[in-house]
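sequence unknown, structure follows:
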């Protein structure tokens, strides 16, 4: 335990590198996912079409798809032997980001839609009747739902930064290149280095805490 | 909401811009895309630290980033077939020959060897000390008196284990169903040794990994004589004709590197100072048969 704290306090280079990578990959994938899901979620919420109910149900079912299953799917897709193999990104951080986008989209999309559903319809109806464009009405509703929408982003980040299955399968846990906090914990604990694993675990929790606090402060302004 | 959006957008752009930055080796030309060589290795070459030792030397010599994937012969061969790695270093002769035969690899090049051994608790509950490997396995199965932790992961070591069971006259499926004493760990060599130590059971291991883990485990050599225990490691470069994305030239550099006189000598010396004996014996052009 002492050694674990020591590794953190002395900024052990490998621990720092691995932490930075986890953070960067999860942050990138979540930012991109948010940019996709907030508009997409609004679009789905405000439209009515056949199968809307079904679509939302499918999205919600995908919340808890095992990360290793997503990993397997992404591996088969981007492996050099696979359909998108020409991109040559297997075992790089890039494919990990793409994989996490697949992983996090259902969560962010579904929770954004739920967030919007929670806003009183009269808000958007009034805006429209006052001459607002559809986009302006949508943005207004998003504003009213901002706390719940922020929650969806935080949940998405949580899922991304804490997953192992996908990172292992498509990243390959390569030291100095695709090793993240979670895959490092997996490797180090299986090799018996419990102290290092504990240090990494503590950092993971710390990161989640910091992100949560900062996003909450943003929302409060 | 607009603020959050713009923050997210800027943030993602920043991170995307920075990500490539953390993948270039320090000091190399930032405009030149970093060449990478991907190697899938059997876990014993990794757990002994041999790859950690050789990797920087190769990277420096050829100005390339080497990505070593901790795999296991079975997965390594699969990655190789898919062209997801450029080189594989494994230890399962029959599968290696098939791999080259089927056109996935250029040539099977043995570069080092050591021996497998059966290790177990000092108390030797199944009483198999100093028997031949086949007899020891026979006794383990018939008495069920000791736990045996199998790699269970289709690795080179696992193949050898299966070969010993076959040599003792058993069908592997019968072994798998023989009882709770037979544990399939599904782990690499180092982690398997730790598990066997934890469970006070026996396992089959290569000498190199056993030596490098000795301080962390309570297992001792139980059976270490038998011609079936020979363990030869080979390096195979991927065949660019089958998988066009392979860095064929750099892959060949890796093969040449491993069999070069200088590196062969270093491989032979690896670990001697720390463990008092060789972890690997170099064997270029000189593959032992027993």
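Here it is on my side, so go on. Computed from a predicted structure; not experimentally measured. Numbering: from 1, shown residues only, chains lettered A, B, ... in the order given.

Just the pLDDT at the closest residue to chain A within the stretch 151-290 of chain B, thanks.
In the stretch 151-290 of chain B, the residue that lies nearest chain A is residue B:191 (4.1 Å; Cβ to the nearest Cβ). (C-beta placed from N, C-alpha, C; glycine too.) Listed pLDDT for residue B:191 reads 92.

How about the contacts made by the residue nearest to it when sequence neighbours are not counted?
The shortest distance from residue B:191 to any residue other than its chain neighbours is 4.1 Å, reached at residue A:190 (Cβ to Cβ, 6 or more residues apart in numbering or on different chains). By Cβ atoms under 8 Å, 6 or more residues apart in numbering or on different chains, the contact list for residue A:190 reads B:187-188, B:190-191, B:194.

what two of these have the greatest distance between them?
By the measure Cβ to Cβ, B:188 and B:194 form the most distant pair in those, at 10.0 Å.

my guess is residue A:81 contacts residue B:85, does it?
No. Under the criterion of Cβ atoms under 8 Å, residue A:81 makes no contact with residue B:85, lying 11.6 Å away.

The two: which is more packed in?
Shown here are residue A:81 and residue B:85; by other Cβ atoms under 10 Å in any protein chain shown, residue B:85 has more neighbours (31 against 16).

so what's residue 72 closest to, chain neighbours aside?
All of this refers to chain A. residue A:169 (6.2 Å).

actually it's chain B I care about, not the one you picked
Nearest one to residue B:72, counting by Cβ to Cβ, 6+ apart, is residue B:155 at 4.0 Å.

residues near that neighbour, how many?
A count of neighbours around residue B:155, defined by other Cβ under 10 Å, yields 27.

List the contacts of it.
B:42-43, B:72-74, B:92, B:188-189.

So which bits of whichever strand or helix holds residue B:174 are buried?
Per DSSP states H and E: residue B:174 is located in helix B:172-176. Using 16 or more other Cβ atoms under 10 Å in any protein chain shown as the test for burial, helix B:172-176 gives residue B:175.

Compute the number of surrounding residues for the closest residue to residue B:36 other than its chain neighbours.
Excluding the flanking residues, the one nearest residue B:36 by Cβ to Cβ, 6+ apart is residue B:65, at 4.8 Å. Neighbour count for residue B:65, taken as other Cβ under 10 Å: 19.

Am I right that residue B:65 is in contact with residue A:177?
Yes. Residue B:65 is in contact with residue A:177 according to Cβ under 8 Å; the separation is 7.2 Å.

is it fair to say residue A:132 lies in a strand?
No. Under DSSP: H, G, I helix; E, B strand; the rest coil, residue A:132 sits outside any strand and is assigned coil.

circling back to that earlier point, can you list contacts of the helix holding residue B:174?
Helix B:172-176 has contacts (Cβ under 8 Å, 6+ apart) with B:141, B:162, B:165-166, B:182, B:184.

Of those, just say which sits nearest to residue B:248.
Nearest to residue B:248 among these is residue B:162, at 32.9 Å by Cβ to Cβ.
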